[in-house]
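1. Dropping the sequence and predicted coords here.
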Amino acid sequence: MTVRRSAAALAATATVLCAAAAAAPSAVAAPSPSPSPSAALPSGLYGTTDPTYDGVWRQSLAFVSQRAVGVMPAKKAVDWLIGQQCDSGAFPAYRPDSSVPCNDKTMIDTNATAAAVQALHEVGGHKDLVATGVDWLKSVQNKDGGWGYTAGGTSDANSTSIVIGALARAGERLGDVTTDGGRTPYDALLTFAIPCGGKDGGAFAYQPDKAGKLAANGDATAAGVLGSLGKGLVVGNNAAVKAPTCSKDTPLKPEQAAQNGAHYLAGALAKTGHLDLAPMPGAEDDSPQPDFGNTADAVVALSASGHKDKAAASVDWLAKNSAGWAKQSGPAAYAQLVMAAHSTGADVHDFGGADLVAQLNATGPAPASVKKKPTASATEEEEKKDSGDGDGIGGVWWFVGIGLAVGAGAGFLISGRRKNQQL
């Protein structure tokens, strides 16, 4: 999932919101501008760049990926994330002073909230906070059954998918999350699926264009696959392997839409092993540039849908080429790589010679604990065993990001790389 891209460039212009890629959080976008020397960052925060647009996102991605490999974040890191939540249950991208109550000007959004809900669920012991986050997400469901980046905003594939993942991880029955008209989240998500048969058949679009046409989007497709499967940001190593197919059945079922999206991603990755970024507007060099974050997200989506063999070349490519990108982009990038490696059974402690877990841990406070033999977080029962009684800090899901102008110089989910990443 990943709608983030060059935060630095976007923050500089403060007018356009671009998808970049992370752990929006997911294709983790390019690094955000560094804070001024006088602006001290919270000691519990992951990363050293300006958190204005992605603080909650990168913190949340860090948590879910750490829990998947047996790491428990530090208490002060968890406390920082908890402090970001508004009384309504929603989360903003970042609020510098959590002692000041949220108000109408606090820029809350569905993506940050969905990611944080998953993060708090994974660390365990915060059921009430998870429940209030879930209640807020359900309260801002659109009439079509989906979600936009902001409450009431037009539904998009990325936001709908990450909210689906949060609701599913929190134990909600998605078929029961309906509008007054009986529309479910899947009803909205499937409207972004491009029918099989054409050049981009099987892919998901971020949103229809003004003419109502759907354009294939790699980030939205990776997110759409997970959403259609009812999966969160983190998925386990799926042992099943099957040939990807694209179904022309109508009406399309969620599982079929997921398989169609996987078919598209497998084809998009087949030539080079990676997805490409869309050229930035006005860029002199418009030659294709590799999209590390969305490639990592595509790997997770392929594994979740039973096609990890089709992701093998991409895992190898990431292991050989992603180190520089991850170092520059920070915790969300490391988290995305951890999730890609974890989903395919690759060694997270020796990924192209790098220990991804150690690198991620180093971007934040020293973890409370690190298991020598990491295990994935999967079930409530595992979470209870890990935390002792399920009530303490213990226990065990993109993408997101979208670019949209939410206000003067704000509203950009730097955490990701999404909307403008067309293949």
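-> Cool, got the structure.

2. Name the single longest helix found in the chain.
-> Using DSSP state H to define each element, the chain has its longest helix at helix 254-270.

3. buried set for that one?
-> Buried residues in helix 254-270, counted by 16 or more other Cβ atoms under 10 Å: 254, 256-269. Glycine gets a C-beta too; all of them are placed from N, C-alpha and C.

4. Tell me how far whichever strand or helix holds Lys320 lies from the chain's centre.
-> Per DSSP states H and E: Lys320 is located in helix 308-321. Centroid separation for helix 308-321 versus its chain: 19 Å, with Cα atoms, centre = their mean, to the nearest Å.

5. Just the C-alpha atoms of it, please, in PDB.
-> Output in PDB follows, covering the C-alpha atoms of helix 308-321 (Å, rounded to 0.1, in the frame of the first residue of the first chain):
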ATOM      1  CA  LYS A 308       4.700 -16.100  -3.800                       C
ATOM      2  CA  ASP A 309       6.600 -18.000  -6.500                       C
ATOM      3  CA  LYS A 310       5.700 -15.100  -8.800                       C
ATOM      4  CA  ALA A 311       7.200 -12.700  -6.200                       C
ATOM      5  CA  ALA A 312      10.500 -14.500  -5.900                       C
ATOM      6  CA  ALA A 313      12.400 -12.500  -8.500                       C
ATOM      7  CA  SER A 314      11.100  -9.300  -6.900                       C
ATOM      8  CA  VAL A 315      12.300 -10.400  -3.400                       C
ATOM      9  CA  ASP A 316      15.700 -11.000  -4.900                       C
ATOM     10  CA  TRP A 317      15.700  -7.600  -6.600                       C
ATOM     11  CA  LEU A 318      14.700  -5.800  -3.400                       C
ATOM     12  CA  ALA A 319      17.400  -7.700  -1.400                       C
ATOM     13  CA  LYS A 320      20.100  -6.500  -3.900                       C
ATOM     14  CA  ASN A 321      18.900  -3.000  -4.500                       C
END
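
6. elements contacting it?
-> For helix 308-321, the contact count by 3 or more Cβ pairs under 8 Å, 6 or more residues apart in numbering; DSSP states H and E identifies helix 254-270, helix 292-304, helix 331-344 as packing neighbours.

7. Including mean pLDDT, could the ones you listed go into CSV?
-> What follows is these, written out as CSV (pLDDT from 0 to 100):
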stretch, mean pLDDT
helix 254-270, 97
helix 292-304, 97
helix 331-344, 98
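
8. Tell me which of those lies nearest to Ala112.
-> Minimum separation from Ala112 across these (Cβ to Cβ) falls at helix 331-344, 12.2 Å.

9. looking only at pLDDT, what's the mean for the very next helix or strand once past the helix holding Lys320?
-> As assigned by DSSP H and E, the chain's next helix or strand after helix 308-321 is helix 323-329. Helix 323-329 shows a mean pLDDT of 97.

10. Could I get the buried residue list for helix 323-329?
-> Residues of helix 323-329 classed as buried: Ala323, Trp325, Ala326, Ser329 (neighbour count, 16+ other Cβ under 10 Å).

11. Quick check: closest non-adjacent residue to the third one.
-> Think Ala326. Once flanking residues are discounted, Ala326 sits nearest to Ala333: 4.3 Å by Cβ to Cβ, 6 or more residues apart in numbering.

12. Is that neighbour in contact with Gly324, as I believe?
-> No: using Cβ atoms under 8 Å, Ala333 is not in contact with Gly324, being 10.3 Å away.

13. Burial check on the residue lying closest to Ser343 once chain neighbours are set aside, number of neighbours?
-> Once flanking residues are discounted, Ser343 sits nearest to Ser303: 4.0 Å by Cβ to Cβ, 6+ apart. Neighbourhood size, Ser303 [other Cβ atoms under 10 Å]: 28.

14. Contacts only, for Ser303.
-> Val235, Asn237, Asn238, Ala311, Ser343, Thr344 (Cβ atoms under 8 Å, 6 or more residues apart in numbering).

15. now Lys310
-> Pro244, Ala262, Leu265, Ala266, Leu269, Ala270, Leu302.

16. Relative to Ala270, how far out is it?
-> With distances taken as Cβ to Cβ, to the nearest Å, Lys310 is found 8 Å from Ala270.

17. Likewise for Ser159?
-> 29 Å.

18. re earlier: distance from the longest helix of the chain to the middle of the chain?
-> Helix 254-270 has its C-alpha centroid displaced from the chain centroid by 18 Å (Cα atoms, centre = their mean).

19. what's the angle from it to helix 308-321?
-> 40 degrees (axes from the mean of the first three to the mean of the last three Cα atoms, to 10 degrees).

20. any idea which helix or strand comes after helix 254-270?
-> Next along the chain after helix 254-270, taking DSSP H and E as the criterion, comes strand 275-277.

21. That next one pairs with which strands, parallel or anti?
-> Using DSSP bridges, the strands paired with strand 275-277 are strand 289-291 (antiparallel).

22. Strands of the stretch 101-250 of the chain, residue ranges please.
-> 108-109 (DSSP state E, counting those that start in this stretch).

23. Excluding chain neighbours, what is closest to Trp317?
-> Closest to Trp317 by Cβ to Cβ, 6+ apart is Gly273, at 3.8 Å.

24. my guess is the one you found meets Ala313, correct?
-> Yes: here Gly273 reaches Ala313: they are 4.3 Å apart, a contact under Cβ under 8 Å.

25. Show me what Phe204 is bridged to.
-> Ala193.

26. For Pro42, which of the helices and strands packed on helix 308-321 is the nearest?
-> Set against Pro42 and scored by Cβ to Cβ, these come closest in helix 331-344, at 13.6 Å.

27. any weak-confidence spans in this protein?
-> For the chain, the stretches with pLDDT under 70 are 1-39, 281, 283-285, 373-423.

28. Pull the number of nearby residues for the residue nearest to Val338 when sequence neighbours are not counted.
-> Among residues not flanking Val338 along the chain, Ser65 sits closest, at 4.1 Å (Cβ to Cβ, 6+ apart). Number of residues near Ser65 (other Cβ under 10 Å) recorded here: 32.

29. and the gap between Ser65 and Gln336?
-> For Ser65 relative to Gln336 (Cβ to Cβ), the value is 8 Å.

30. and if you look at Leu269?
-> 16 Å.

31. How about Thr106?
-> Going from Thr106 to Gln336 by Cβ to Cβ gives 27 Å.

32. Okay then, goodbye and thanks.
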